[in-house]
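Asks: show me the folded form of this:
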Amino acid sequence: MNSTSRPENCTKATTGSSSQNSRSNFYAWLIERDGDIVTRDEIESELWSKDVVVEFDHSIKAAIAKLRKTLGDSAEEQRYIGTVAGRGYRLLVPVERLEACRDDGLEKLGGGKQPSKRRRWKWFALAVLGAVIALSGWQYWRWRNHPKLTDKDSIVLADFDNKTGDAVFDDTLRQGLSVQLEQSPFLDLISDRKVNETLKLMGRPAGERLTLEVTREVCQRTSSQAMLTGSIAGLGSQYVIGLKAVNCNTGDVLAEVQELAAGKEAVLKALDNAAVSLRKKLGESLSSVQKYATPLEEATTPSLEAWQAYSLGLRTTNGLTASLPFFKRAVQLDPNFAMPYAIMAGTYGGLNETGRAAENARMAYERREKVSQRERLSIELSYYFYATGEQEKAAQTAEVLQQIYPRDYPSYMALGYIFSVLGNYDKALQEEREALRLDPSNGMNYIILGNGYAALNRLDDAEAVYKKAEKLKVEGEYLLVDRYLLAFLKSDAAQMAQLAASAVGKPGTEDLLLASQADTEAWYGKLKNAHGLTRLAMDSARRNDAKETAATYQAAAALREAESGNKEQARADANAALKLAPNRDVRAMAALALARAGDTAAAEKLTAGLDKTFPLDTLVQRYWLPTTRAAVALERKDATRAIERLKVASAIDLGSPAQVNVSLCPVYLRGEGYLMLHDGSAAAAEFQKFIDHRGVVGNFPWGALARLGLARAYALDAAKDPSGRDKARAAYQNFLTPWKDADPDIPIYRQAKAEYARLH
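Replies: Numbers count the residues shown, from 1 in each chain. Presented below is the predicted three-dimensional model:
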């Protein structure tokens, strides 16, 4: 490019004539040097201060590339700006400038010669260079130092600002966004339970709408790093979805995205795209996003109405029973929606409806192929636990969930529960404590942790947990019954009566307390009262459409009647329960009751059916079948075979095999077998387990009868050594004293009194 003549009234500027201020701009240096090199060191030291962290190479190369594009230049054919490898940059064309004008600093050029348009354009392009370099460097510095999130930071999700007026978007989009973000092992969303607990502490009702102001306070109170807001607005037939992550302490915007949906049916897809973009901007690695970002319509449902029902179910705070209609509605609207089935499986399982739990777990499992990895693992855990009964596989799945999502409290809660089922209460307590630490607002975490402490006879710790739950106004069907059982263990009759009275009229809770009262009456030998309370519990359950629960209460009643010697009543209760709802637990308990009541043929038929129907079920194969087969052997006076049968159960015979309070059945029968073999010491060791593990036994009536078994074991030893008679008499008194007001016609009670009399 040739230089043009300068205006007549201006003189040519020399390289050293520019002011010092001009040296702060790169473009000025290039002009001043007139072909000489501007070094990289000069650029770095002059344009960026020492306390600014910036990736220099990236910034300067980006700026040069932009300027070359503006000039029509390129790195391959350098006509205007040359790169001097390893050193810096220089202009490749001569420069002619306007000198400061004589009259007013810069000539108005009214009578002088105007610079050519081409030269003015090139001047403008060069002037842009400094601004481009500075802006590019600042933008890159801000990008590098942008306040992104880490995997230690938590997020509070606000309610969507629904500007469309369409109620179907209320709750739906927030829940959809939650599902997408929860796929991420990187992000940590504060749970709705914790949000509700925080709202209560703020003096606001649980479930209150999370506006911007409310969300900010929740965010600050939970020590979270950011709040995530969303909005949806109509744009003709289209919808605009916006997401924004904001530091709730400083107000800084951490990330912001917008997506356009072509129509209502495309809203979930747009929300999905927005969520994925946001995850990247918040600092999650590309590989993580690619691995854990199943599209919402695949992972959940394309039906906004089904989403709406599902969301309402998740936000229900007043117990398990109240949430079921919403999840049922969700699968009516979209029968292929997997997660409502999985949640209903857990809900029915918690309500003793094990048949319905298994059915829903299978439905979820059959629809798991397209869900997210997190939901797939949750569905598989539910399937193994409720449908196939493979407790070890369920535990392994929970452990995988913990590895991928270490902040996922449900996996710890589930693993703790599985360990309890298998009788490993020390391991259960570790998991339960971690679950509560991760989510102290979840009422079920308090219930399960309280159970864990009680199972280990740490009654004061259990009481402290329940009191904290009460203070936090935790709700749930099982909290009252667990507090009732704790009061029983602490012999607090007044508290038991108060808790039972407080459950009256509460669906899903009343029947639990009535059934627990029935067990307490049976513990003290008042079987007629127990029978009446069981009938009331069954009626209450059936009014709540819980037929399986009612049958479970009746099957448990058959066990207490059989062991007390009321064999006819036991057979009647067992057969009636089987007719009412023959699910797994009912069939298992009925089979054992029938075997103990002398109907071995019916018991063997039931065990054969259980074996065929539940070939993989841990509790069926390693608890119920060996126990019932041992009972059949004892009825046939084959104690050796009975004890041999029970070896299979030894690893889990301290477990909790049913939702109702039934425990240590193999232990009891093993003790009975040793009594039959006249081995008093071995029998005493078995029956003593009921006393050593009284927190596990609770008010299960066999626990009271185990005291009689212990007395009988001591009596066997006393027959060999008369010095042991006092020990045997004391043991009989430990059984007979609580039974002082027992029904006088109970066969085992009459036997016990006669045996005690013979010791004098």
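Asks: C-alpha from now on. contacts and neighbour counts both.
Replies: Will do.
Asks: so how far is Arg571 from Thr600?
Replies: When CA to CA, to the nearest Å is the yardstick, Thr600 and Arg571 sit 11 Å from each other.
Asks: go on, Glu399?
Replies: Separation of Glu399 from Arg571 (CA to CA) stands at 42 Å.
Asks: and those two? which has more neighbours close in?
Replies: Each of Glu399 and Arg571 has its neighbours counted (other CA atoms under 10 Å); Arg571 has more, 26 against 17.
Asks: which element is that one on?
Replies: helix 567-580 (DSSP states H and E).
Asks: again, but for Ile232
Replies: Per DSSP H and E: Ile232 is located in strand 226-235.
Asks: residue boundaries of the strands in the stretch 201-350 of the chain?
Replies: Per DSSP state E, counting those that start in this stretch, the stretch 201-350 of the chain carries strands over the ranges 226-235, 238-247, 253-261.
Asks: what residues sit buried inside whichever helix or strand Ala704 is part of?
Replies: Ala704 is located in helix 702-720, with elements delineated by DSSP H and E. Neighbour-count burial for helix 702-720, with 16 or more other CA atoms under 10 Å as criterion, is recorded at 702-718.
Asks: please save the CA atoms from that helix in CSV.
Replies: Taking C-alpha atoms only, helix 702-720 is exported to CSV below (Å, rounded to 0.1, in the frame of the first residue of the first chain):
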residue,chain,number,x,y,z
TRP,A,702,-42.6,-64.0,70.9
GLY,A,703,-40.2,-61.8,72.8
ALA,A,704,-42.3,-62.4,76.0
LEU,A,705,-42.6,-66.1,75.3
ALA,A,706,-38.8,-66.3,74.8
ARG,A,707,-38.5,-65.5,78.6
LEU,A,708,-40.5,-68.6,79.2
GLY,A,709,-38.2,-70.5,76.9
LEU,A,710,-35.2,-69.2,78.9
ALA,A,711,-36.9,-70.4,82.1
ARG,A,712,-37.4,-73.8,80.6
ALA,A,713,-33.8,-74.0,79.5
TYR,A,714,-32.7,-73.2,83.1
ALA,A,715,-35.1,-75.8,84.4
LEU,A,716,-33.4,-78.4,82.2
ASP,A,717,-30.0,-77.5,83.8
ALA,A,718,-31.6,-77.5,87.3
ALA,A,719,-32.7,-81.1,86.8
LYS,A,720,-29.0,-82.0,86.4
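Asks: Leu282 touches Val253, doesn't it?
Replies: No: contact criterion CA atoms under 8 Å: Leu282 and Val253 do not qualify, at 10.5 Å.
Asks: identify the contacts common to these two.
Replies: Common neighbours of Leu282 and Val253, counting by CA atoms under 8 Å, 6 or more residues apart in numbering, are absent.
Asks: picking up where we left off before, and the strands of the stretch 201-350 of the chain: which comes nearest Gly698?
Replies: Judged by CA to CA, the one of those that comes nearest to Gly698 is strand 226-235, at 45.0 Å.
Asks: give me the helices and strands touching that closest one, please.
Replies: In this structure, strand 226-235 makes packing contacts with strand 154-157, strand 161-162, helix 212-221, strand 238-247, judged by 3 or more CA pairs under 8 Å, 6 or more residues apart in numbering; DSSP states H and E.
Asks: tilt between it and helix 212-221?
Replies: Between strand 226-235 and helix 212-221, the angle comes out at 160 degrees (axes from the mean of the first three to the mean of the last three CA atoms, to 10 degrees).
Asks: partners of strand 226-235 in the sheet?
Replies: When pairs are called by DSSP bridges, strand 226-235 turns out to pair with strand 154-157 (parallel), strand 161-162 (parallel), strand 238-247 (antiparallel).
Asks: nearest to Lys506, of the ones you listed?
Replies: Using CA to CA as the criterion, the shortest distance between Lys506 and the strands paired with strand 226-235 is 32.4 Å, found for strand 154-157.
Asks: so which residues make contact with that closest one?
Replies: 174, 178, 187-190, 215, 218-219, 223-229.
Asks: alpha carbons only: can I get it in PDB?
Replies: Taking only C-alpha atoms (Å, rounded to 0.1, in the frame of the first residue of the first chain), the coordinates of strand 154-157 have been written out as PDB:
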ATOM      1  CA  SER A 154     -25.100 -26.400  46.600                       C
ATOM      2  CA  ILE A 155     -27.900 -24.700  44.600                       C
ATOM      3  CA  VAL A 156     -31.400 -23.700  45.500                       C
ATOM      4  CA  LEU A 157     -33.900 -24.000  42.700                       C
END
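Asks: surely Thr39 and Gly88 touch.
Replies: Yes: counting by CA under 8 Å, Thr39 touches Gly88, with 4.2 Å between them.
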